[in-house]
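Undergrad: just the structure for this:
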Amino acid sequence: MASKWRKAFKLGAAAAVAGGSGVALVYMSSVVNADRKKEQTQKKLAATGLNKRPSKPLPSRAEQLSSLASDEFDVLIIGGGATGSGCALDAASRGLKTAMVEYDDFSSGTSSRSTKLIHGGVRYLQKAIMNLDIEQYRMVKEALHERANLLEIAPHLSFPLPIMLPVYKWWQLPYFWAGIKAYDLVSGGDCLKSSYILSKSRALELFPMLKKNELKGAIVYYDGMHNDARMNISIAISAARLGATVANHVKVVDLIKTEGVVSGARVRNQLTGEEFNIKAKSVINATGPFTDSIRKMDDGETRDIVCPSAGIHIMLPDYYSPSNMGLLDPATSDGRVIFFLPWQGLTIAGTTDTPCPVTNSPGPSESDIQFILSEVKNYLTPDIDVRRGDVLSAWAGIRPLVKDPNAGDTASLVRNHVVHVSDSKLVTIAGGKWTTYRAMASETVDTAVEAAELGAGPSMTDGLMLEGAHTWAPTMFIRLVQDLGVDTAVAQHLSDTYGDRAFSVGKLAGLTGQRWPIVGRRIHQEFPYIDAEVRYAVKEYAATAVDVIARRLRISFLNVQAAEEALPVVVSIMADELGWDKEEQDRQTEDAMEFLRMQMGKDLNRASRDNIPVSLTKTEIAEYVKRFNALDDGKKGYISINDIRKSLKSQGEEVTGQQIHELLNELDTNHNGQVEVEEYLQMMSAIKSGTVSHSRFAKMAEMDYKAKKYGEHMERSGGGV
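TA: Below you'll find the model as predicted:
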């Protein structure tokens, strides 16, 4: 508490400097009011017992489906994204009998494809001040409160992140400082940490990758960051813990009406094809980009209100940014904003804003990837070669911008969100952003309660702890290491992902057969994900391989190639848990590969390599042909799996058959099971141009050629094959 008041005093002093004692007095008053409101909220939650850690096991997916088919509910929510899950938690916390269904998986849509920031909106505040727009101001104020609340109710999944705003013109320094300091002041008691100014030398010390030329200094401010998909799943699981019946992979195929009022939905189990009815007194449409499809089930003549826009993000290696500092480019070449942020041990860059069609499988475009890379180049030192080959994965999320159906003029987009009740009492929530999911859900459930005359009390979710937060502490990972015998990186990951449920996850871990760690077999050597997480994911309703690699582990978002390599292990463990036969395992593998190819940028990564012209000198071509011929045992004109196996054996390597196939597939563009010299030269040209960052096959060929040429064993510089 003392540190909080020290921060308040500093900000109050800054307010006095910026706007006089009146501003400082208003700020200090807001801090006092925020603390008083928080104390009242905690007392209310303590009295209800809602913030006690749930001890009962989660119902199984089969039990949830049985309940959907047989029970009658007060509220049925369609959509399991952040807003839909927030509605389910809000309704359940009020004591309403609640159901929620999701066509795909919880957070499978936009909610897992965000910039990962929990923010109030610096640019919205700028517009509010410049245009004297009270609506924009209130929107920012609400978002800043929700930002602070989310960091408090899920501290294991979220944290304050310093974000640097580099300044390259002297006049920008006071302009940006005033705007960022206003952001702090509007936060009031919900301010995370105070912003500050850096000299040029200090900015480069903290962000050494930054472009030095003409840099005047920098301003650092704080926003929140989180694991968006895990946060969404935690909200859904928290709702289930409070008695809500939730089910993923259940599609609404039609709405049911009784005397002209929506009274439920006809749904289909996407995994079995079984259809059944769900009865409910009120139905909430929280389907994001798919809002209009549900609205048209209610009224086929209704006008569309969603204007979908695609936001593309890319993942880059960790060396592109410091591990604890983000970067904001406030004005790109086309006026958009680009964030450059450390996330999950790598670097995320985005986003774009491009009109797009509504689809279940949005994918990135090469032009958007190139746009982000070009903007990244503008802010990084020329010493860093920003290469297309460094893009580890890329994805698109559809942002559902909306028109207000309540207004007479539906041509203009609303700035925040819309809650609408149709003539048949279908409640629709659309628009908004991740940060304000809870406030949106609260308003939506209020509307549903009033429309259906349900007689429930007020929202109870402000301050309501989410799954894993109740007894979590930042040092919990140490106990995981000591009590379970997992390595430190794995323990830190488990703690930061599952909170106080990490012990339940760790107890499912298998023995490694090594001296250390004792348990926790990694599903991929580059990431701290272990076998136990796949088993636990099934308990949390993961039903497909994509559910695991995309939402439960995030590996597909971090590195699409690593996700492909981990896929056989994931499918094998899920097969044990769910009883999949060989045919189902093959189907799951193919579905996951299609997801990686089309939605995570795998096809684009390969196409960017295969489509570039071969630009090698005659000397380089001669050298690479020699390396190719050295590998081609028997001078067949191609390199086979046996050639690769023989070369690796001669170099003292012991690799699995899967690893050998991975090596071959790096170059086998026509999928005929062998590598021709043209494919090899294409790869070497791609490496030269930076379109590909590295190749295990190329390194193996180089080492094999040198060993045969010089007649000695060539030692590796690390990394293996």
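Undergrad: for burial, what's the neighbour tally of the nearest residue to residue 209 once chain neighbours are set aside?
TA: Nearest residue to residue 209 in three dimensions, chain neighbours excluded: residue 380, at 5.2 Å (C-beta to C-beta, 6 or more residues apart in numbering). Glycine gets a C-beta too; all of them are placed from N, C-alpha and C. Using other C-beta atoms under 10 Å, residue 380 has 18 neighbouring residues.
Undergrad: quick check, pLDDT for residue 380.
TA: Looking at residue 380, its pLDDT stands at 92.
Undergrad: for it, grab phi and psi.
TA: Backbone geometry at residue 380, expressed as degrees, to the nearest 10, gives phi -100, psi 150.
Undergrad: that one reaches residue 208, doesn't it?
TA: No: contact criterion C-beta atoms under 8 Å: residue 380 and residue 208 do not qualify, at 10.1 Å.
Undergrad: mind listing the helices for the stretch 101-250 of the chain?
TA: 122-130, 134-153, 172-187, 200-206, 228-241 (DSSP state H, counting those that start in this stretch).
Undergrad: list the contacts for the residue nearest to residue 209?
TA: Listed by C-beta atoms under 8 Å, 6 or more residues apart in numbering, the contact set of residue 380 reads 209, 210, 211, 320, 386.
Undergrad: and the nearest residue to the fourth one once chain neighbours are set aside, helix, strand or coil?
TA: In this structure, residue 320 finds its nearest non-sequential neighbour in residue 347, 4.1 Å apart by C-beta to C-beta, 6+ apart. Classification of residue 347 by DSSP: H, G, I helix; E, B strand; the rest coil places it in strand.
Undergrad: give me the neighbour count for residue 347.
TA: Neighbour count for residue 347, taken as other C-beta under 10 Å: 25.
Undergrad: list the contacts of residue 363.
TA: For residue 363, the contact set (C-beta under 8 Å, 6+ apart) comprises 395, 396, 598, 599, 601, 604.
Undergrad: returning to that earlier point: want to try CSV for the helices of the stretch 101-250 of the chain, with distance to residue 450 as columns?
TA: Shown next, in CSV, are these (distance: least, C-beta to C-beta, whole Å):
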stretch, distance to residue 450
helix 122-130, 29
helix 134-153, 21
helix 172-187, 31
helix 200-206, 51
helix 228-241, 21
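Undergrad: in contact with the residue lying closest to residue 198 once chain neighbours are set aside, which residues?
TA: Nearest-residue entry for residue 198: residue 218, 4.5 Å, with adjacent residues in sequence omitted and distances by C-beta to C-beta, 6+ apart. Contacts for residue 218 (C-beta under 8 Å, 6+ apart) come out as 164, 165, 166, 167, 197, 198, 200, 202, 203, 207, 210.
Undergrad: buried ones among the residues you listed?
TA: The neighbour-count criterion (16 or more other C-beta atoms under 10 Å) marks 164, 165, 166, 167, 197, 198, 200, 203, 207, 210 among the contacts of residue 218 as buried.
Undergrad: so what's the residue nearest to residue 198 scoring on pLDDT?
TA: Residue 218 is given a pLDDT of 96.
Undergrad: please apply the same query to residue 21.
TA: The model's pLDDT for residue 21 equals 54.
Undergrad: could you do residue 81 as well?
TA: On pLDDT, residue 81 comes in at 98.
Undergrad: for residue 47, see how far away it is.
TA: For residue 81, the distance to residue 47 equals 31 Å [C-beta to C-beta, to the nearest Å].
Undergrad: next: residue 277.
TA: 38 Å.
Undergrad: the two: who's more crowded?
TA: Taking other C-beta under 10 Å, residue 277 and residue 47 do not tie; residue 277 has more neighbours (14 against 8).
Undergrad: could you measure from the residue nearest to residue 209 over to residue 321?
TA: Remark: distance between residue 380 and residue 321 (C-beta to C-beta) = 9 Å.
Undergrad: show me the helices in the stretch 301-450 of the chain, by range?
TA: 366-379, 437-452.
Undergrad: looking at the helices of the stretch 101-250 of the chain, which is buried most?
TA: helix 228-241 (a mean of 27; mean count of other C-beta atoms under 10 Å).
Undergrad: related to what we said a few turns ago, now the helices of the stretch 301-450 of the chain in CSV, with mean neighbour count and distance to residue 332?
TA: What follows is the helices of the stretch 301-450 of the chain, written out as CSV (neighbours: other C-beta atoms under 10 Å; distance: least, C-beta to C-beta, whole Å):
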stretch, mean neighbour count, distance to residue 332
helix 366-379, 18, 5
helix 437-452, 23, 27
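Undergrad: which one, of those, ends up nearest to residue 262?
TA: Closest approach to residue 262 among the helices of the stretch 301-450 of the chain (C-beta to C-beta): helix 437-452, 9.5 Å.
Undergrad: other SSEs contacting the very next helix or strand once past that closest one?
TA: Next along the chain after helix 437-452, taking DSSP states H and E as the criterion, comes helix 476-484. Counting by 3 or more C-beta pairs under 8 Å, 6 or more residues apart in numbering; DSSP states H and E, the packing neighbours recorded for helix 476-484 are helix 488-498, helix 502-506.
Undergrad: for the one helix or strand residue 557 maps to, name the packing helices and strands.
TA: Assigned by DSSP H and E, residue 557 belongs to helix 555-558. Packed against helix 555-558, as judged by 3+ C-beta pairs under 8 Å, 6+ apart, are the following elements: strand 393-402, helix 560-578.
Undergrad: what ranges in the protein fall below the confidence cut-off?
TA: 1-35, 406-412, 415, 609, 612, 711-721 (pLDDT under 70).
Undergrad: show me the contacts for residue 397.
TA: 109, 110, 112, 113, 114, 310, 311, 313, 351, 362.
Undergrad: same question, residue 314
TA: Taking C-beta under 8 Å, 6+ apart as the criterion, residue 314 is in contact with 348, 349, 350, 364, 369, 372, 373, 391, 392, 393, 394, 601.
Undergrad: and if we set it to 7 Å?
TA: 349, 350, 369, 372, 391, 394 (C-beta atoms under 7 Å, 6 or more residues apart in numbering).
Undergrad: and the nearest residue to it once chain neighbours are set aside, what does it touch?
TA: Among residues not flanking residue 314 along the chain, residue 394 sits closest, at 4.6 Å (C-beta to C-beta, 6+ apart). Residue 394 makes contact with 312, 314, 364, 369, 601, 604 under the criterion C-beta under 7 Å, 6+ apart.
Undergrad: which stretches in the stretch 551-700 of the chain count as helices?
TA: Secondary structure of the stretch 551-700 of the chain (DSSP H, counting those that start in this stretch): helices at 555-558, 560-578, 582-599, 602-610, 618-631, 641-650, 657-667, 677-689, 696-710.
Undergrad: circling back to that earlier point, isn't the residue nearest to residue 320 up against residue 316?
TA: Yes: at 4.3 Å, residue 347 and residue 316 qualify as touching, with contact defined as C-beta atoms under 7 Å.
Undergrad: now residue 668: how far from residue 563?
TA: For residue 668, the distance to residue 563 - C-beta to C-beta - is 19 Å.
Undergrad: more neighbours: which of those two?
TA: Ranked by neighbour count (other C-beta under 10 Å), residue 668 and residue 563 place residue 563 first, with 31 against 19.
Undergrad: which residue ranges form the strands in the stretch 251-400 of the chain?
TA: 261-269, 275-285, 306-316, 326-329, 338-343, 346-350, 354-355, 393-402 (DSSP state E, counting those that start in this stretch).
Undergrad: quick one: closest of these to residue 678.
TA: Using C-beta to C-beta, the strands of the stretch 251-400 of the chain put strand 393-402 closest to residue 678, at 26.9 Å.
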